[in-house]
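Trainee: how would this look folded up:
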Amino acid sequence: IPLSSLDRRVVFRSTDKVESPHFSPDDSALYFNRNGRIHRLPLDAGAVPETIDTGFARKCSTTHAISPDGTTLLFEDLTSGKSLMYLMPLRGGEPRPVGVPGPAFGHGWSPDGKTLAYCAEREGNYDIYTVPVEVGLETRLTTDSGIDSGCDYTPDGKWIYFHTPRTGRVQIWRMQPDGSNQEPVTNDDFENWFPHPSANGEWIVFLSSKVKPDTGHPPEGDYLLRLL
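Mentor: Below you'll find the predicted structure:
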């Protein structure tokens, strides 16, 4: 959907569940999850999806993110029985584990490509963490009892946007990269999920619904895409 016209164009249809479409950094393709695999869809007319070689990882799930330089894919996989994060070349190859325990769900890269932002379960609570790409100790950013997730950096690296149910409904919040200055961004009658800042730093886009969740993930139902 171009923001200039809002003319929708269908580029792929499937009877399977298709999740987490991301543009490649050069805008030439979409990367998405389907049936436990990651696919690349060139945006040329008539193109069909290509299955990415993910090595042993054949149960790729829900979320992934592309590094700012366009070379590396962060994704999660359930082959081990627990959701673990991995890194691999964007075009495919043998995954290498991110050195943090699962379950962990990768959502964002810092603009300099040195830090990952993710949601993880620790001692029964789901919060947002960061960890250096080149192996290091994770840093816990949120401590609320609800499921904080959907974290993504702004292009200038000054904020991390996320969703949280801490005020009753799931709403969009933001914080600085060290976890300080946590503040609400939305406060309305919708349940608001998975904020993504635009590449030019002017907008966020997120999912909105009146459907009440019973887990930490958006339930089945009708959704709006909203810009703020």
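Trainee: Next, name the residue at the spatial heart of this structure.
Mentor: For the chain, the residue nearest the mean C-alpha position is H107 (3.4 Å; CA atoms, centre = their mean).
Trainee: how far away is that residue from W193?
Mentor: Separation of H107 from W193 (CB to CB, to the nearest Å) stands at 12 Å. Yep, even glycine has a C-beta here, placed from its N, CA and C like the rest.
Trainee: how about the helices in this structure?
Mentor: Using DSSP state H, the chain contains no helices.
Trainee: What is the least confident helix or strand in it?
Mentor: Using mean pLDDT, DSSP states H and E, strand 60-66 stands out as the lowest-scoring helix or strand of the chain, at a mean of 89.
Trainee: and T62, what does it touch?
Mentor: Listed by CB atoms under 8 Å, 6 or more residues apart in numbering, the contact set of T62 reads 19-20, 33, 76, 105, 217.
Trainee: May I see these organised as a markdown table, with neighbour count, pLDDT and distance to W173 added?
Mentor: Converted to a markdown table, the contacts of T62 look like this (neighbours: other CB atoms under 10 Å; pLDDT from 0 to 100; distance: CB to CB, whole Å):
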| residue | neighbour count | pLDDT | distance to W173 |
| --- | --- | --- | --- |
| E19 | 13 | 90 | 23 |
| S20 | 19 | 91 | 21 |
| N33 | 22 | 94 | 26 |
| E76 | 25 | 94 | 23 |
| F105 | 24 | 93 | 17 |
| H217 | 13 | 83 | 17 |
